[in-house]
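>>> Here is the input, now give the coordinates:
(2 chains)
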Amino acid sequence: MPTQSFTSCTNCGPITVEVKDGRVVRVRPLVMEEGDLAPWTIKADGKSYSPPKKVTLAPYVHAERNRLYSDDRIRYPMRRVDFDPNGERNPQNRGKSGYVRISWEEALSIVASEIQRVQATYGPSALAAMTSSHHNWGLVGYKMSAFSRFFNFLGYTQVFDNPDSWEGWHWGATHSYGFIWRLGMPEPYDMLEDALQHAEMIVFWSNDPDTTRAVYDGSDAAIWRQWLKDKGVAMTFVDPFYNYTAAAMKGKWLAPRPGTDAAVALAIAYVWVSEGTYDKRYVADRTVGFDEFRDYVKGVTDGVPKTPNWAEAESAVPARKIVALARDWASKRTVLSAGCRGGEGGACRGAYATEWARLMVLLQAMQGLGNPGISIWGTSMGAPWNSKVWFPGYGDLEGRIATSTKVARRIPENKVPQKLYRLTLPDAILDPPVHWNGVGFCNRNFQQQFIPFTYPMEGCSEVRMFYRYGGSFMSTMTDTSKWVRMYQSPKLECVVNQDCWWSTETAHADIILPACTSLERDDIGEFGEPGGQTKGGSSGCNYRVVVRLKKAIEPLWESKSDYQIFSELAGKLGFNADYTEGNSDLDWARKFFEISDLPKYISWEEFDRKGYYVINVPEDYKSTPALRWFAEGRPCDTPDPNNFKRATAKANELGTESGKIEFASESLRRMAPRDEERPVSPRYIPSWEGHRCEAATIYPLQLISPHPRFTFHTHYDGHTAWLNDVPVHRIVKDGHAWWPARLHPEDATARYIRSGDIIRLYNDRASVLCIAQVTERVRPGVVHSYASAGKYDPLQPGNPRSPDRAGCVAMLTPGRQMSQNVPGMASNSCLIDVEKWMG
Amino acid sequence: MTTYGMVIDVSRCTGCYNCFLACRDEHVGNDHRPIAAPQPESGHKWITVLEHERGKFPRVRVDYVALPCQQCKDATCLSRAPNGALYRRDDGIILIDPDKAKGHPEIVSCCPFQAIYWNAAEGVAQKCTFCAHLLDQGWKEPRCVEACPTEALVFGDLDDPTSRISQLLKGRATEELHPQFNAKPAVRYLGLPKRFVSGEIAFADRMSEPAAGVCVSLHDGANSLDGVTDAYGDFAFEALEAGASYVLRICAPGYRPREIAVGAHHDMDLGAIVLEPASAGGD
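Sure, this is the predicted structure:
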């Protein structure tokens, strides 16, 4: 039988899937006809820059075939052996007991009758359901689509996600320069051209774009940084870890202690104020509140001048290096690359990380943010980008079957007002009531950050049934052994888990439902474009490519598509017709095609046959660099559709209350004027779990756990054995693939640890076993180990105190929120010690 | 005629392992006989990525050297392998015949680059084939090159003067990974890591001021290399001869000059060198 080719798109790149005899034999970067690609050209200093005529993938996507056929696929519906919905439920054995295979009919009948029983007995709010982050691509199958449509029809207690990749930017930087609609990230438009034409220096501050890849954009931007390096643009990295971008760019390295970045930032401001090397005119015209900030920097307010020597004492970065960076920065047209999109970096997930993120904005304001070569830019989005052709992303209301009035006749509305918050969900089950501020992703207005919530809500029930879709949180949230304790609570009478692979939480469910991957179902989606709060995400790709995700093979074993599972469950519950409106997943995909601009350029039949459409940049493309309009006092001319002042009388304003950059925040002055932990003008506040704390005498090392390099979220690790031979990712010793933890030779020697030793990372919260990598790439006193291990593997299953040997270092991190009014996670404010594991 | 070769530009490699993983996708579980038997699920690295970390905190350097079969002109594997198990095609690609090589684990040790692996399940030695089975179907490049995001891997016909690889070789001097093997590889390198001496200068009486613009020089008796500290007070001498000993001289007006012996180490970061003011008293 000849080989058949199918197009598809993953979280990090579009692919061609080749199938022979019903089996996937090859997965490669999407093969396109050369004539379909019209590469853009950027001219700078007499040179022309154009991307190669191809798409690139994140490394792990090359292992998609390995993941597809993984031994870790959930093959059949399962029931926990000691779970009897009509008798003993044994919740205390969740995480410990094994499973028996059951039929789909039995599984769906139990799930449907449990939903009915729980909602009839306690009320609709007794059902809670939640997803993991982006486990696969495609507008129909995405969690906000098929999942949300089902549960909104049913009514359920929704769990707000904390903005885990944004945190400090979301809760902090928004109060300095707006961009609420981007959760505190700046717009990215045409920043590649700007950097190639104007930048003389890039300061990467807590940013490793070669590792985080603008999240969804394959490896397309890696070559941009090569161009910038070849051009001789100076690069300096501020990070406790000499990260992979630093290594590739051969950058200079300043390594502050975790949690002290704000002190270094203030000392840089101090140098600029003292030496007069900031843009006084810009500060006068484009900002408010500078005097208040300057007085704090100079020590007028608190008697402590924020000198480089002061910052050295906090951060351990030599004062002379801070002075050098400040002078270098002020003397050159400098890009501040703080976070890959303006987020994601570890410094934004720590105690008082709002202050660091705000200071990043303010430092660039002092240098004239928006002027040529002076930007906040991750080096990973902002290629020439055709904004004229509209195609929805999953972050757009129009891009979901749950919310798009354009594709669905009826949009269900969740009638349950009660909410939960992801970071405190275990506390809510174990020890209610819980309180927090904010709706999670607050992308509409400042007020959303301050809405107080209490669980349980008056008139609602506590949660009695938990429907979990995915299972990543043991290694991505904070203080996560409490998730095990939550699952074992008798309050949860039934737990369902639906996923493609056995993940960290799967084995805590009573009923497990096997979902298939996106290679086994039909869908549609654009490479790298989430829409919504990351509109223009595909400008991190060298080409805009809309892809028909084609069903390359039948669902493996007894797995079914998420849409199919929810359709059948809706059938059992009596609302299948409302849920599906008679549509297959392919029918929905076609509707998304039809509501987009694509039919103006290609017929459905042709699109379906080829499997992709490339939205090229037109020949007469005119760039509109991000924030240039603001620097020049013009109305916004960028294609930023969610900027609510755009095309209004206030179009030359930022999204702040004053419309300017706020050294003293008007929104905070109005809504939280007495908050000393997120004051009106940003400060350096020593971490509540940092090197100065008393706990540091017992746990002297600081753990940082940034976003990982060789797995997307948790979704490739653990299920993709090929990755175990990538030594940055895992290292096999004695038959087990261990998660690396990196530490400095000084700290290793003091503990008789060598590279390759199995070590225990521990504190009062947990113990995690890792493999030691002794390296000069971490500063002394710091342990670096990525978050997002795909598995949880306790030595004593079911015991939340058990050491884990899968690398869930999130178990070690504090559950405390960033500051009193800021419910963000502070995973990088974490004290531990390390010892050789004698097991 | 066609002779295939590859250029690996170490200075463009970010250590993403796309090449290694694309190779896995092409070969693991896929039978491409007679070119290659299936690669096993784990252990083999037909193109491996060797990580070199050098220097000391906070002046660290990391380089990634990708290493596939070097397709040597003077290939010891060809001359030493038993049973005619290895052969060279007209296009220069050396292949291991999966049938003839069966049961000969000694083939693995024929390669000084350690680019040959033993597949216990198939009972055969294996290595990178430049994806010859794909080239034979009309592909322009092997999977690893297709997957490379930064053009660090360039593949093509060395006999075609218009090919990208020929143009690249014409423009720049390439190197062999291990010239001491005298193997004349068809895989050539750019930007291989070279020996360096680096460090930082600071002024004892002005520790919070960067010691920018300080003259430093490196002497090996006959010759000297001149350098100057950058805005951060850091200096580095690059591309030094392996095994040579040097003396580093530091000369800053108003400060006592320093001389530091630099032994015949491969690489050295001397850390922070603090200069005392000239008026600070005698020796």
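>>> CA only for contacts and neighbour counts going forward, please
Will do.
>>> Residue 46: how many residues sit nearby?
I went with chain A, as the question did not name one. A:G46 has 6 neighbouring residues, counting by other CA atoms under 10 Å in any protein chain shown.
>>> Correction: the question concerned chain B.
Residues near B:W46, counting by other CA under 10 Å: 24.
>>> cool, B:T174 as well?
18.
>>> Likewise for B:V262?
Number of residues near B:V262 (other CA under 10 Å) recorded here: 19.
>>> Just to check, it is in contact with B:L240?
No. Using CA atoms under 8 Å, B:V262 makes no contact with B:L240, being 11.8 Å away.
>>> who touches both of those two?
Here B:V262 and B:L240 have no joint contacts, going by CA atoms under 8 Å, 6 or more residues apart in numbering or on different chains.
>>> residues in contact with the residue nearest to the spatial centre of chain B?
Residue closest to the average C-alpha location in chain B (CA atoms, centre = their mean): B:V65, at 3.7 Å. Counting by CA under 8 Å, 6+ apart, B:V65 touches B:V10, B:C13, B:V49, B:L50, B:E51, B:H52, B:L192.
>>> what's across from it in the sheet?
Counting by DSSP bridges, B:V65 forms beta bridges with B:L50.
>>> So it versus B:E51, what's the distance?
Distance, B:V65 to B:E51, using CA to CA, to the nearest Å: 7 Å.
>>> tell me how far the ends of stretch A:304-322 are from each other?
With CA to CA, one end of stretch A:304-322 sits 17 Å from the other.
>>> hang on, I meant stretch A:609-620
30 Å.
>>> How is A:N542 assigned, secondary-structure-wise?
Three-state call for A:N542 (DSSP: H, G, I helix; E, B strand; the rest coil): coil.
>>> neighbours of it, just the number please.
There are 28 residues near A:N542, going by other CA under 10 Å.
>>> OK, contacts around it?
With CA under 8 Å, 6+ apart, A:N542 has these contacts: A:P39, A:P51, A:V55, A:D220, A:A221, A:A383.
>>> circling back to that earlier point, any idea which of the contacts of B:V65 is closest to A:T3?
Nearest to A:T3, judged by CA to CA, of the contacts of B:V65 is B:V49 at 31.0 Å.
>>> Give me the residues contacting stretch A:160-174.
Residues contacting stretch A:160-174 (CA under 8 Å, 6+ apart): A:180, A:183-185, A:342-345, A:347-349, A:352-358, A:361, A:419-423, A:439-442, A:449, A:656, A:678, A:822-825.
>>> Strands - which of these land there?
A:K419, A:L420, A:Y421, A:V822, A:P823, A:G824, A:M825 (DSSP state E).
>>> want to throw those residues into TSV with neighbour count, distance to A:V273 and pLDDT?
Below are the ones in strands among the contacts of stretch A:160-174 laid out as TSV (neighbours: other CA atoms under 10 Å in any protein chain shown; distance: CA to CA, whole Å; pLDDT from 0 to 100):
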residue	neighbour count	distance to A:V273	pLDDT
A:K419	21	46	98
A:L420	29	45	98
A:Y421	25	42	98
A:V822	24	30	97
A:P823	23	33	97
A:G824	30	32	97
A:M825	29	33	97
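>>> Throw those into a markdown table and include distance to chain B, thanks.
A markdown table is the format used below for those (distance: CA to the nearest CA, whole Å):
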| residue | distance to chain B |
| --- | --- |
| A:K419 | 41 |
| A:L420 | 38 |
| A:Y421 | 36 |
| A:V822 | 34 |
| A:P823 | 34 |
| A:G824 | 31 |
| A:M825 | 29 |
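>>> Go through those residues and name the one nearest A:F466.
A:L420 (11.9 Å).
>>> hey, what's the closest one bridged with?
Note on A:L420: beta-bridge partners A:V159, judged by DSSP bridges.
>>> Kindly report the residues of the stretch 551-700 of chain A close to chain B.
For the stretch 551-700 of chain A, no residue is in contact with chain B (CA under 8 Å from any CA of the partner chain).
>>> The closest residue to chain B within the stretch 551-700 of chain A: neighbouring residues, count only.
Nearest to chain B in the stretch 551-700 of chain A, going by CA to the nearest CA, is A:A552, at a distance of 16.5 Å. For A:A552, the tally of surrounding residues (other CA under 10 Å) stands at 23.
>>> surely it meets A:S518?
No. When contacts are counted by CA under 8 Å, A:A552 is not listed as touching A:S518 (9.0 Å).
>>> Next, the residue of the stretch 251-400 of chain A found nearest chain B: secondary structure please.
Relative to chain B, the nearest point of the stretch 251-400 of chain A is A:R320 (4.2 Å; CA to the nearest CA). Three-state call for A:R320 (three-state DSSP): helix.
>>> which residues sit in contact with it?
Neighbours of A:R320 in contact, by CA under 8 Å, 6+ apart: A:P308, B:M207, B:S208, B:E209, B:P210, B:Y232.
>>> Ramachandran angles for the first one?
Recorded main-chain torsions at A:P308 are phi -60, psi -30, according to degrees, to the nearest 10.
>>> Count residues in the vicinity of the closest residue to chain B within the stretch 51-200 of chain A, would you?
Of all residues in the stretch 51-200 of chain A, A:P59 sits closest to chain B, at 4.7 Å by CA to the nearest CA. Other residues lying near A:P59 total 28 when counted by other CA under 10 Å.
>>> got a list of what it touches?
A:P59 touches A:F710, B:C16, B:Y17, B:N18, B:L21, counting by CA under 8 Å, 6+ apart.
>>> Need phi/psi at it.
As for A:P59, its main-chain torsions (degrees, to the nearest 10) stand at phi -50, psi -50.
>>> What of the one 5 residues further on?
Dihedral angles of A:E64 (phi, psi; degrees, to the nearest 10) stand at phi -60, psi -40.
>>> Next up, phi/psi of residue 201, please.
Just so you know, I chose chain A. phi -150, psi 150.
>>> my bad, the chain I had in mind was chain B
Phi and psi for B:I201, reported as degrees, to the nearest 10, are phi -110, psi 140.
>>> Contacts only, for it.
B:A211, B:V214, B:T229, B:G233, B:D234, B:F235, B:A272, B:I273, B:V274, B:L275.
>>> pLDDT score assigned to the second one?
Right, the one you point to is B:V214. Here the pLDDT value assigned to B:V214 is 97.
>>> A:D45 - how many residues pack around it?
A:D45, neighbours per other CA under 10 Å, totals 9.
>>> Just to check, it is in contact with A:Q197?
Yes. At 6.8 Å, A:D45 counts as touching A:Q197 under the criterion of CA under 8 Å.
>>> which ones are touching the residue of the stretch 551-700 of chain A closest to chain B?
Counted by CA under 8 Å, 6+ apart, A:A552 has contacts A:S5, A:F6, A:V17, A:E18, A:V19, A:V24, A:L519, A:E520, A:R521.
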